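Trainee: my questions concern the predicted model and sequence given below.
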Amino acid sequence: MTQIVVLPHAELCPEGAVIEAEPGTSICDALLAHDIEIEHACEKSCACTTCHVVVREGFQSLEPAEELEEDMLDKAWGLEPLSRLSCQAVVGGTPLVVEIPRYTINMVSEGKR
């Protein structure tokens, strides 16, 4: 099992959390399995940015983002060099420190105009 430290988020995880995830599990699935209700409006199909996270530690241990994820990340609120879509970032054997941004943009509903 791999440790994920979730930094405090005012609504989703006010006190932060330390969780364990099976390698091969997406960060999104790991958070949801531990009752951290991160948004995932596209049902984890890499079609929105609601599950955007910033991987503060352990980022280099993740497989590189594929082109579709990179394209979606360009639309994420608060994009940083360490940003990933948690539905696409798969946990390996290296511990991670993850921050859930304060805001999110729902590309599924807000992106259609």
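Mentor: That came through fine.
Trainee: show me the contacts for the most centrally placed residue in the chain.
Mentor: The residue lying closest to the centre of the chain (Cα atoms, centre = their mean) is Ser86, at 2.6 Å. Residues counted as contacts of Ser86 (Cβ atoms under 8 Å, 6 or more residues apart in numbering) are Ser26, Ile27, Cys28, Leu31, Ile38, His40, Cys51, His52, Val53, Val98. In this view, the C-beta of every residue, glycine as well, is placed from N, C-alpha and C.
Trainee: assign a three-state SS to the third one, would you?
Mentor: Going back to what we said before, that points to Cys28. Following DSSP: H, G, I helix; E, B strand; the rest coil, we place Cys28 in the helix state.
Trainee: ditto for the last one
Mentor: Val98 falls in the strand class when you classify it by three-state DSSP.
Trainee: what of the fifth one?
Mentor: Classification of Ile38 into helix, strand or coil gives coil, according to three-state DSSP.
Trainee: quick check, it in contact with Ile100.
Mentor: Yes: assessed by Cβ atoms under 8 Å, Ile38 is found in contact with Ile100 at 6.1 Å.
Trainee: thinking again about what came up before, so can I have JSON lines of the contacts of Ser86 showing neighbour count, distance to Glu70 and pLDDT?
Mentor: Shown next, in JSON lines, are the contacts of Ser86 (neighbours: other Cβ atoms under 10 Å; distance: Cβ to Cβ, whole Å; pLDDT from 0 to 100):
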{"residue": "Ser26", "neighbour count": "20", "distance to Glu70": "17", "pLDDT": "98"}
{"residue": "Ile27", "neighbour count": "26", "distance to Glu70": "16", "pLDDT": "98"}
{"residue": "Cys28", "neighbour count": "23", "distance to Glu70": "17", "pLDDT": "98"}
{"residue": "Leu31", "neighbour count": "26", "distance to Glu70": "21", "pLDDT": "98"}
{"residue": "Ile38", "neighbour count": "23", "distance to Glu70": "20", "pLDDT": "96"}
{"residue": "His40", "neighbour count": "19", "distance to Glu70": "18", "pLDDT": "93"}
{"residue": "Cys51", "neighbour count": "27", "distance to Glu70": "15", "pLDDT": "96"}
{"residue": "His52", "neighbour count": "26", "distance to Glu70": "13", "pLDDT": "97"}
{"residue": "Val53", "neighbour count": "25", "distance to Glu70": "15", "pLDDT": "98"}
{"residue": "Val98", "neighbour count": "28", "distance to Glu70": "19", "pLDDT": "98"}
